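S.K.: here are the coordinates; sequence isn't available:
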């Protein structure tokens, strides 16, 4: 077998050759390289680290796996990529839920649920914590489990809004109290 010729390049050698295809069309998951700037990702990590209850590992995971290289149009896309959205079943007169889809990124989903528990502890005055307390805190273990997934989904959406539009989650506390006065702008 002779050398392999592809696109003007010649690949010679004992083989086998490992090849891959990178899809950069607008309908693919790729962004065509628009959101790969390292400085922007570091800035997003720093912005997340300003919030109480968000640590380094979480900030880096959320930014590298979710926020730095994807552009979301709405909260449904954010919820969908995490896999924390409902899966309704409707057939004739039957209508019920099958639970969450779990179709998204498993690492993001598991980290979001862990951070949601931390959010309840470190952000007790936030609107999200108060909503959980009113709706699920007095329920049994199953109700609290369902509630924490809802908090995790809402928290990821709130963090996306915070990074994308600068909207601070209602009632959220910053690690540095001076940041609360200037909307988390830093200086």
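M.R.: Thanks, I have it. Just so it is clear, the structure is predicted and the values come from calculations on it, not from any experiment. Numbers count the residues shown, from 1 in each chain.

S.K.: you'd agree residue 80 is in a helix?
M.R.: Yes - read with DSSP: H, G, I helix; E, B strand; the rest coil, residue 80 is one of the residues of a helix.

S.K.: that one and residue 64, how far apart?
M.R.: Distance, residue 80 to residue 64, by CB to CB, to the nearest Å: 19 Å. C-betas here are computed from N, CA, C, even on glycine.

S.K.: go on, residue 121?
M.R.: 25 Å.

S.K.: quick one, which of these two is more surrounded?
M.R.: Applying other CB atoms under 10 Å to residue 121 and residue 64 shows that residue 64 carries more neighbours, namely 13 against 10.

S.K.: residue contacts, the nearest residue to the more buried one once chain neighbours are set aside?
M.R.: Spatial nearest neighbour of residue 64, chain neighbours left out: residue 41 (6.8 Å); criterion: CB to CB, 6 or more residues apart in numbering. Each residue near residue 41 by CB atoms under 8 Å, 6 or more residues apart in numbering is listed here: 63, 64, 68.

S.K.: show me what contacts the first one?
M.R.: Meaning residue 63. 41, 44, 45, 48.

S.K.: number of nearby residues for the residue nearest to residue 61 when sequence neighbours are not counted?
M.R.: Spatially, and ignoring its direct neighbours in sequence, residue 61 is nearest to residue 111 (5.4 Å; CB to CB, 6+ apart). Residues lying near residue 111 (other CB under 10 Å) number 20.

S.K.: now swap in the one 4 residues further on and tell me
M.R.: Residue 115 has 24 neighbours, counted by other CB under 10 Å.

S.K.: same question for residue 148.
M.R.: Residue 148: 20 surrounding residues under other CB under 10 Å.

S.K.: check which helix or strand residue 148 maps to.
M.R.: With elements taken from DSSP states H and E, the one containing residue 148 is helix 141-165.

S.K.: counting contacts, what elements does that helix pack onto?
M.R.: helix 38-49, helix 75-82, helix 106-122, helix 127-135 (3 or more CB pairs under 8 Å, 6 or more residues apart in numbering; DSSP states H and E).

S.K.: contacting residues for residue 39?
M.R.: Counting by CB under 8 Å, 6+ apart, residue 39 has no contacts.

S.K.: any idea of the pLDDT on it?
M.R.: Per-residue pLDDT puts residue 39 at 77.

S.K.: can you classify residue 71 as helix, strand or coil?
M.R.: Under the three-state scheme (three-state DSSP), residue 71 adopts coil.

S.K.: hmm, I typed the wrong one, I wanted residue 89.
M.R.: strand.

S.K.: if I read this right, it contacts residue 99, doesn't it?
M.R.: No - Residue 89 is beyond contact range of residue 99, at 10.3 Å (criterion: CB atoms under 8 Å).
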